[in-house]
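**Q** fold the following for me, if possible:
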Amino acid sequence: MFHRPLLFVAIAAATTLITAAAAQAPGRWTNGAPMPSSRTEVAVAELGGKIYVVGGFSGEREVEIYDPAADRWSRGAAFPHEVHHAAAVGLNGKLYVIGGYVQGWTPTNAVYEYDPASDRWRMLAPMPTSRGALGAAVLAGKIHAVSGVGAGGKNTPAHEMYDPATNVWSVRRPLPTPRDHLAVAALDGRLYAIGGRIDGSYSRNLAVNESYDPAADAWQPRAPLPTARSGIAASVLNGKIIVVGGEAPSGTFNQVEAYAPQSDTWSEYARMPTARHGLGSAVVAGKMYVISGGPRPGASFSAANEIFTP
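**A** You can find the predicted model right below:
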């Protein structure tokens, strides 16, 4: 009995130290104007200093456009059809939306290009492999579409590259660890495929981190993501790939973990104010904007727009 108060003091002190350590993680979060619609499983990309949000689990076709400089939202021409779990990238003044699910849970190989100048969409050459919950990134002026869920609800290792100049897709080295709901980012001439899940099940989350060398057309394993998770987003900021959000049966994640390719190491940043999955992220003027996503596992939605400054 004499030692119990001391035990309580020790536990309280340890808890305080842990809380303090978490609070000292670098970076700062603020709030931007919320998106006009609440969504999840969106495709998000930066183009011309603005952030574009396309699709969503509830069939949203309106294209939400955020101007960080004005902290204001507007809308572009509606997407040609309902889509969710698509991928999006900005390149050469155009927005590209790739794959996803249509008509419920049917993977698509459709690719669309949006021109902000004319506020119009047009269909491009389809991907060789239909898939949803894929990842995509721009590397050396080409768009790489990586893995996802293909036919029969199973992961495809497909890695296909699109050349906007020729409107032609080519097949590249398949991803060694097929998965979906992953994050894909390009940095220092290489592509990185991070996290994800097996065959659509967030009870089978992965911490895998694989790097692609386009010169060798080869993948290699890198230091794994510290927190296995899927339904994540990632952006490149200050020479690091910053991975945010995700979900598991136990709940959603607010972890913010940054990968430095040169040292092949991970570090932790200040956590997101709102844990969520199915979100998107983009960088404008040295800040990362983390938009939309579900605060609970499964079909939940938000209009969140949280801004990270490292």
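**Q** check contacts around V243.
**A** 183, 194-195, 225, 232-234, 255-259 (CB atoms under 8 Å, 6 or more residues apart in numbering). Every C-beta, even on glycine, is put in place using the N, C-alpha and C of the backbone.
**Q** partners of it in the sheet?
**A** For V243, the beta-bridge partners under DSSP bridges are A234, E257.
**Q** same check on G251?
**A** Beta-bridge partners of G251, as defined by DSSP bridges: A248.
**Q** from G298, how far out is it?
**A** Applying CB to CB, to the nearest Å, the value for G251 to G298 is 11 Å.
**Q** who does the closest residue in space to L95 that isn't next to it in sequence bridge with?
**A** Counting by CB to CB, 6 or more residues apart in numbering, L95 lies nearest to Y114, which is 4.1 Å off, once chain neighbours are set aside. Beta-bridge partners for Y114, by DSSP bridges, are L95, W121.
**Q** any idea how far I198 is from Y114?
**A** 32 Å.
**Q** neighbour count winner among these two?
**A** Y114 (24 against 18; other CB atoms under 10 Å).
**Q** read off the pLDDT value for that one.
**A** We have a pLDDT of 98 for Y114.
**Q** what's the spacing between it and A228?
**A** Distance from Y114 to A228, by CB to CB: 34 Å.
**Q** D264 too?
**A** Where A228 is concerned, D264 sits at a distance of 18 Å (CB to CB).
**Q** repeat for S250
**A** 12 Å.
**Q** also S201?
**A** Counting by CB to CB, the gap from S201 to A228 is 13 Å.
**Q** and if you look at Y101?
**A** Taking CB to CB, one finds Y101 at 24 Å from A228.
**Q** what secondary structure does G152 sit in?
**A** Following DSSP: H, G, I helix; E, B strand; the rest coil, the label given to G152 is helix.
**Q** just list the residues touching it, thanks.
**A** With CB under 8 Å, 6+ apart, G152 has no contacts at all.
**Q** and if we set it to 10 Å?
**A** Contacts were defined as CB atoms under 10 Å, 6 or more residues apart in numbering; by that measure G152 touches 107, 199.
**Q** do V236 as well
**A** Contacts of V236 (CB under 10 Å, 6+ apart): 137, 185-188, 192, 242, 259, 283, 288.
**Q** quickly note the distance from it to R61.
**A** 29 Å.
**Q** one more: P174?
**A** From P174 to R61 the distance is 32 Å (CB to CB).
**Q** for Y101, same thing?
**A** 14 Å.
**Q** more neighbours: which of these two?
**A** Set Y101 next to R61 and count neighbours by other CB under 10 Å: Y101 wins out with 23 against 14.
**Q** and that one, bridged to which residues?
**A** The partner residues for Y101, given DSSP bridges, come to H84, P107.
**Q** pretty sure it sits against A43.
**A** No - taking contacts as CB atoms under 10 Å, Y101 lies outside contact range of A43: 11.5 Å.
**Q** list residues touching both of those two?
**A** 55, 83-86.
**Q** as a markdown table, the residues you listed with pLDDT and distance to M272 would be great.
**A** What follows is the shared contacts of Y101 and A43, written out as a markdown table (pLDDT from 0 to 100; distance: CB to CB, whole Å):
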| residue | pLDDT | distance to M272 |
| --- | --- | --- |
| G55 | 98 | 22 |
| V83 | 98 | 25 |
| H84 | 98 | 22 |
| H85 | 98 | 21 |
| A86 | 98 | 22 |
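**Q** residues contacting T156?
**A** 107, 129-131, 134, 146-150, 174-175, 178-180.
**Q** for it, which non-adjacent residue is closest in space?
**A** Closest to T156 by CB to CB, 6+ apart is G150, at 3.4 Å.
**Q** would you mind measuring from that neighbour to P178?
**A** The separation that G150 has from P178, given CB to CB, amounts to 9 Å.
**Q** nearest residue to V208 other than its sequence neighbours?
**A** Per CB to CB, 6+ apart, closest to V208 is T177, 4.8 Å.
**Q** do I have it right that E60 meets R39?
**A** Yes - E60 lies in contact with R39 (CB under 10 Å); the separation is 5.8 Å.
**Q** what's the overlap in contacts for those two?
**A** 53-54, 84, 292, 301.
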